[in-house]
Each structure stands twice: as C-alpha cells, then as structure tokens.
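*Asks:* when you get a sec, could you give me coordinates for this:
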Amino acid sequence: MALEDREFAYYNKHDELVMTGTLEEIGYELGVKPSTVHFYTSQVYRNRTKRGIRVVDISDGHKRINTANLAKLKQKKEERGYTLKELGEVLNVSEHSFSRKMEGYIRFTKDEIRELEDLFFLEEGELIKGEE
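*Replies:* The predicted structure is shown next:
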C-alpha cells in the first residue's frame, strides 16, 4: 500500500485521539507538510519527545478485538485483579488510552494483543479469533 494511501491516527500530547486520516489530511489539520507528519511516526521522534503528539499507522499492524473477545479480556482482567492503569503500563500506553482500547474505540496493535495473550496465558491469536 502506498504511503499516501495509508491511514494514520493522530493523538494529542494528552494521548487523546484527535483524528484519523492520511498524512496529507493530518498535515493540513496541524499546518505542516505530510513529510513532517510521517516523521512524527518515527522512533526518532518518539525518542526526542516525552509527551509530544503521536501519529500511528493504522492501515496494517492493528487489529480490532471483537466484542466477545473484549468480554474475555475484561473477564481475565477482573480475575487477576489488574487495573486499567497497570495494564496500560504493561502496554506502555496511558490509562485513558487503554480504557479506550477496552471499549473498542481504539485498536490494539498486534504486539499489544500478543502481550495481553502472554500475560493472561491465552493461545496466540485467541483474542482476534472470529475476525474477518
């Protein structure tokens, strides 16, 4: 998929989803070039900024956990006594972002899903079974 056709999510410095769109659309919103928005997706940018904006490629590498599997994840969270904050720390995201992921508003990355499956001793892919 060409870079200009990919979809990205733009989060503000408070880790709140502002919008999704192409590099050009997000650049227009921010008043910067698409190449600058693409730089915001890099590890170099993340290393330089502690609480800066974040831009994440959501075209691939992100999976939606279906409702039944979200219920399973919530059940495992309750059984083990984890808080949203603790699980957010495991995935290196804010409590707010993890909460939004648990509500199905923000997609989990493949790595986050694997991390949760390992944490809760689930089979690989168990949290995304039944997805198209």
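*Asks:* C-alpha from now on. contacts and neighbour counts both.
*Replies:* Noted.
*Asks:* so where's the protein shaky on pLDDT?
*Replies:* Applying pLDDT under 70 to the chain flags residues 1, 60-68, 105, 129-132.
*Asks:* what residue spans form the domains of it?
*Replies:* 3-57, 62-127 (automatic domain parsing).
*Asks:* how about these in TSV, adding mean neighbour count?
*Replies:* Output for the domains of the chain, formatted as TSV (neighbours: other Cα atoms under 10 Å):
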stretch	mean neighbour count
domain 3-57	16
domain 62-127	16
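*Asks:* need the helices for the chain, in chain order.
*Replies:* Taking DSSP state H as the test, the helices found in the chain are 23-30, 34-40, 43-48, 67-80, 84-91, 95-102, 110-119.
*Asks:* columns distance to residue 126 on top of those, output as a markdown table?
*Replies:* Formatted as a markdown table, the helices of the chain follow (distance: least, Cα to Cα, whole Å):
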| stretch | distance to residue 126 |
| --- | --- |
| helix 23-30 | 32 |
| helix 34-40 | 32 |
| helix 43-48 | 29 |
| helix 67-80 | 8 |
| helix 84-91 | 18 |
| helix 95-102 | 16 |
| helix 110-119 | 7 |
